[in-house]
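# Predicted structure and sequence below. I'll ask about it afterward.
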Amino acid sequence: DQQVKQNSPSLSVQEGRISILNCDYTNSMFDYFLWYKKYPAEGPTFLISISSIKDKNEDGRFTVFLNKSAKHLSLHIVPSQPGDSAVYFCAAKSQRGGSEKLVFGKGTKLTVNP
Amino acid sequence: DTGVSQDPRHKITKRGQNVTFRCDPISEHNRLYWYRQTLGQGPEFLTYFQNEAQLEKSRLLSDRFSAERPKGSFSTLEIQRTEQGDSAMYLCASSLRTAWSSGNTIYFGEGSWLTVV
């Protein structure tokens, strides 16, 4: 049972435009969410996170939005740059449940075209 | 380099052999995690340590897998009697949990690729 779903395997955008990556989750116990970026043959790199007590968190070109009622979060990258081309993973954890386990989606491959 | 360090980066082994991976976390990070990633999937949690104590294990961690963190610093992940299904990238990660830091930001190493032939 996939508790964290990234339904778009791939996304292609033009340089300078907005990239929107989506993530849905099914476990209502999840209360902390993270986005990671991954280049081939490398480990995931932390990008941005959000706690369930917030609905938005911003860091430079990256903004994460959380809609708890819809169990949906999204990562916005503005403006997109060719160097942003990578696989993006959404991850979630349940702090209230006492687990340190991060549950990841399958990833979305973002391609930013010059 | 002060990031999470993993060794070896690549390992090819014959089925039935034992392999061991080493992870050196970010200095002073008290939490250390092991994940596994296969092609087309996101990382899957295997286990985590708080200092030297192994506090959580996934059911993915079969009896052939054992992880240790004897002095609360580096960790090893051993796979005994490897099978072809063990072929994957093994990722180590670390974080810092203190009274004033939740330790929620988890930093990953570059991974150790295992190919079982």
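Yep, that arrived.
# rest of the way, CA atoms for contacts and neighbours
OK.
# residues touching B:Arg64, list them.
By Cα atoms under 8 Å, 6 or more residues apart in numbering or on different chains, the residues touching B:Arg64 are B:78-82.
# Return the subset of those residues lying in strands.
B:78-79 (DSSP state E).
# Get me the contact residues on chain B for chain A.
Taking Cα under 8 Å from any Cα of the partner chain as the measure of proximity, chain B contacts chain A at B:40-45, B:48, B:56, B:91, B:105-111.
# Of these, which qualify as buried by neighbour count?
Buried residues within the residues of chain B next to chain A, counting neighbours by 16 or more other Cα atoms under 10 Å in any protein chain shown: B:42-45, B:48, B:56, B:91, B:105-111.
# rewinding a little: sort out which of the contacts of B:Arg64 are buried, if you could.
Judged by 16+ other Cα under 10 Å, buried ones among those: B:78-80, B:82.
# Mind putting the contacts of B:Arg64 into JSON lines with pLDDT?
Below are the contacts of B:Arg64 laid out as JSON lines (pLDDT from 0 to 100):
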{"residue": "B:Glu78", "pLDDT": "97"}
{"residue": "B:Ile79", "pLDDT": "97"}
{"residue": "B:Gln80", "pLDDT": "97"}
{"residue": "B:Arg81", "pLDDT": "97"}
{"residue": "B:Thr82", "pLDDT": "97"}
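# Pipe the contacts of B:Arg64 into JSON lines and attach distance to B:Phe21 per row.
Shown next, in JSON lines, are the contacts of B:Arg64 (distance: Cα to Cα, whole Å):
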{"residue": "B:Glu78", "distance to B:Phe21": "6"}
{"residue": "B:Ile79", "distance to B:Phe21": "9"}
{"residue": "B:Gln80", "distance to B:Phe21": "12"}
{"residue": "B:Arg81", "distance to B:Phe21": "14"}
{"residue": "B:Thr82", "distance to B:Phe21": "13"}
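# For the buried ones among the contacts of B:Arg64, which two are the farthest from each other?
Farthest apart among these by Cα to Cα are B:Glu78 and B:Thr82. That separation is 9.8 Å.
# Now list whatever residues contact both of those two.
B:18-19, B:64.
# Relative to A:Val103, which of those residues is nearest.
Comparing these against A:Val103 with Cα to Cα picks out B:Arg64 as the nearest, at 22.9 Å.
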